[in-house]
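Colleague: Dropping the sequence and predicted coords here.
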Amino acid sequence: MASPATSIGNVACKPSALQAIVFEAPRQLQILDQLLLPFESVYVPIRNLEDGHRAIRTMQVRGAPAIAIVGVLALVVDALNSNRPVAPTAVGPFLTYIDDSIKYLLTSRPTAVNLFEATNRLTRHLENVAAAGTDVDGLKAALLAYGEAMLTQDIKDNRRIGRYGAEYILSGGHTPVHDGNQADPARSWSVLTHCNTGALATAGWGTALGIIRSLHAAVNSDNEHGHFQAYCTETRPYLQGSRLTAYELVHDGIPATLITDSMVSALLATHRIDAVVVGADRVTANGDTANKIGTYQLAIAARYHGVPMIVAAPTTSIDLGRRSGAEIEIEERPQEELLAVTGRVTLCGTPEAQGEEENVDASLPATTKYRMPLAAPGIQAWNPSFDVTPAALIDAIVTELGVVTKNAQGEFDLAGFIQTRRAE
Ligand SMILES: CSC[C@H]1O[C@H](OP(=O)(O)O)[C@H](O)[C@@H]1O
């Protein structure tokens, strides 16, 4: 499962097993093919817009922040591609090429707001650079700098989200469900999460999984008695939980337990869960949150059992232009993703599977693609990739600017919070 060695910034190195995006400026972009994880770690080159669109559409790369970063970097490598120059050499046509490219990229997946938000800011930025009187090379340099900045800013934001979220949970910012004394630092802590919101969904660290990383570090550093346990759901049908989040938690050595999506209420009924922490694809102005399918029923179960429901969302996932979740387009994906599982397996008769044993059939392919049907032939399937959790079922929204809780009217004032924090 070793990742291929590659260079980053002219330094030969090997990406960490969890590095979803590898960018060597100005034009070498690779993404970790998440359709093959955790059993194969394969990096796929993104050489142009079409490669980027396909990787996002097929979910080789996924996660709201990662989608935005790969989308913009695919535009960078397309615009700076010297092998097949496609970008116009005059400023006006170059800006038109950027606009047309963005419109194409935005057809990849509709629900997560991050790519829309990032490309809106990019368009305004390049227009300002052009108005300042630059040539196309200046615009290309600005585009490259913008894409590189997204990588570093996302990790900074996620570290802040992790810290704010961990502090909020440890400080009793909510009513603990544990019988234990909130003030007792030696007590155990358990958090349930859904889907994958970690390094594989971002440029690194993660959002909700970033909070789990920070919470685990805080509990284990404050005292040797504290114990932290993460629980993650499988997250059917793509299995972001059992394939990706479990992979990240095991990689980091964080005690973790996998459950099926159908076990959520039974687990919450044990009263061992301190908080449910999930990510977000699009949070509207009132706090309604589009996230992976299954989040809504998780929130219902959490509310029923008195467990705080916490959404981790960088401000790049907050869409103040939409008043409520009713305005969010929910992506429906191919039925096939629910009706079967596909992937690659190493055949038991091949050298890879048998090590050095003699009696292997070398004529067999080392790995072979498979499709395993899971449902009765002929059945139809409904496969919405997201659902919307109403703000009424959410207790806190953790951003890189801090934790947003409800006002005296029981509402989130996200616009006011963001404006105030950014003015500080
Ligand atoms: C920080 S990732 C946010 C969000 O994206 C995931 O969706 P997908 O795997 O379909 O791209 C999931 O909803 C995560 O919570």
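Modeller: That came through, no problem.

Colleague: give me phi/psi at whichever residue of the stretch 301-424 of the chain sits closest to the ligand?
Modeller: With CB to the nearest ligand atom as the measure, residue 385 is the residue of the stretch 301-424 of the chain nearest to the ligand, at 5.2 Å. Glycine gets a C-beta too; all of them are placed from N, C-alpha and C. Main-chain dihedrals, residue 385, degrees, to the nearest 10: phi -80, psi -20.

Colleague: wait, isn't it in contact with residue 334?
Modeller: No - checked against CB atoms under 8 Å, the pair residue 385 and residue 334 is beyond contact range at 10.2 Å.

Colleague: Would you mind telling me which of these two has the busier surroundings?
Modeller: residue 385 (21 against 9; other CB atoms under 10 Å).

Colleague: what sits against the nearest residue to the more buried one once chain neighbours are set aside?
Modeller: Leaving aside its chain neighbours, residue 385 sits nearest to residue 331 (4.5 Å; criterion: CB to CB, 6 or more residues apart in numbering). If you count contacts by CB atoms under 8 Å, 6 or more residues apart in numbering, residue 331 has them with 109, 110, 111, 384, 385, 386.

Colleague: three-state assignment of residue 329?
Modeller: Per DSSP: H, G, I helix; E, B strand; the rest coil, the secondary structure class of residue 329 is coil.

Colleague: For it, which non-adjacent residue is spatially closest?
Modeller: Closest to residue 329 by CB to CB, 6+ apart is residue 110, at 4.5 Å.

Colleague: which residues of the stretch 251-400 of the chain score low on pLDDT?
Modeller: Scanning the stretch 251-400 of the chain for pLDDT under 70 picks out 349, 351, 354-359.

Colleague: now do the stretch 1-150 of the chain
Modeller: For the stretch 1-150 of the chain, the ranges with pLDDT under 70 are 1-14, 82-84.

Colleague: got the residues of it near the ligand?
Modeller: 62, 63, 64, 65 (CB under 6 Å from any ligand atom).

Colleague: right, and the last one touches residue 312 too?
Modeller: No - when contacts are counted by CB under 8 Å, residue 65 is not listed as touching residue 312 (10.9 Å).

Colleague: Looking at those two, which is more packed in?
Modeller: residue 65 (32 against 29).

Colleague: wait, what's in contact with that one?
Modeller: Applying CB under 8 Å, 6+ apart, we find residue 65 in contact with 114, 154, 158, 201, 202, 203, 207, 314, 316, 317.

Colleague: where does the stretch 251-400 of the chain come near the ligand, residue by residue?
Modeller: Checking the stretch 251-400 of the chain against the ligand by CB under 6 Å from any ligand atom, the hits are 279, 280, 281, 291, 292, 385.

Colleague: Would you reformat the residues you listed as CSV and include secondary structure?
Modeller: Shown next, in CSV, are those (three-state DSSP):
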residue, secondary structure
279, coil
280, coil
281, coil
291, strand
292, strand
385, coil
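
Colleague: Out of the residues you listed, who's the most crowded?
Modeller: residue 279 (33 neighbours).

Colleague: contacting residues around that one?
Modeller: With CB under 8 Å, 6+ apart, residue 279 has these contacts: 63-64, 195, 197, 201, 207-209, 291-292, 311-313, 317.

Colleague: cutoff 7 Å now
Modeller: 195, 197, 201, 207, 208, 291, 312 (CB atoms under 7 Å, 6 or more residues apart in numbering).

Colleague: Tell me the buried residues within those.
Modeller: In terms of neighbour count (16 or more other CB atoms under 10 Å), the buried residues within the contacts of residue 279 are 195, 197, 201, 207, 208, 291, 312.

Colleague: a markdown table for those, including secondary structure?
Modeller: A markdown table is the format used below for the buried ones among the contacts of residue 279 (three-state DSSP):
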| residue | secondary structure |
| --- | --- |
| 195 | coil |
| 197 | coil |
| 201 | helix |
| 207 | coil |
| 208 | helix |
| 291 | strand |
| 312 | strand |
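
Colleague: Give me the distance from stretch 301-308 to the chain's centre.
Modeller: Relative to its parent chain, stretch 301-308 has a centroid offset of 24 Å by CA atoms, centre = their mean, to the nearest Å.

Colleague: Okay, buried residues for the longest helix along the chain please.
Modeller: For the chain, the helix with the greatest residue count under DSSP state H is helix 136-170. Residues of helix 136-170 classed as buried: 136, 139-140, 142-144, 146-148, 150-151, 153-155, 157-170 (neighbour count, 16+ other CB under 10 Å).

Colleague: if we can go back for a sec, Throw the residues of the stretch 1-150 of the chain next to the ligand into JSON lines and include secondary structure, thanks.
Modeller: Listed next are these as JSON lines, based on three-state DSSP:
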{"residue": "62", "secondary structure": "coil"}
{"residue": "63", "secondary structure": "coil"}
{"residue": "64", "secondary structure": "helix"}
{"residue": "65", "secondary structure": "helix"}
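
Colleague: which of these tops the neighbour count?
Modeller: residue 65 leads these on contacts (other CB under 10 Å) with 32 neighbours.

Colleague: And the residue of the protein closest to the ligand?
Modeller: residue 279 (2.9 Å).
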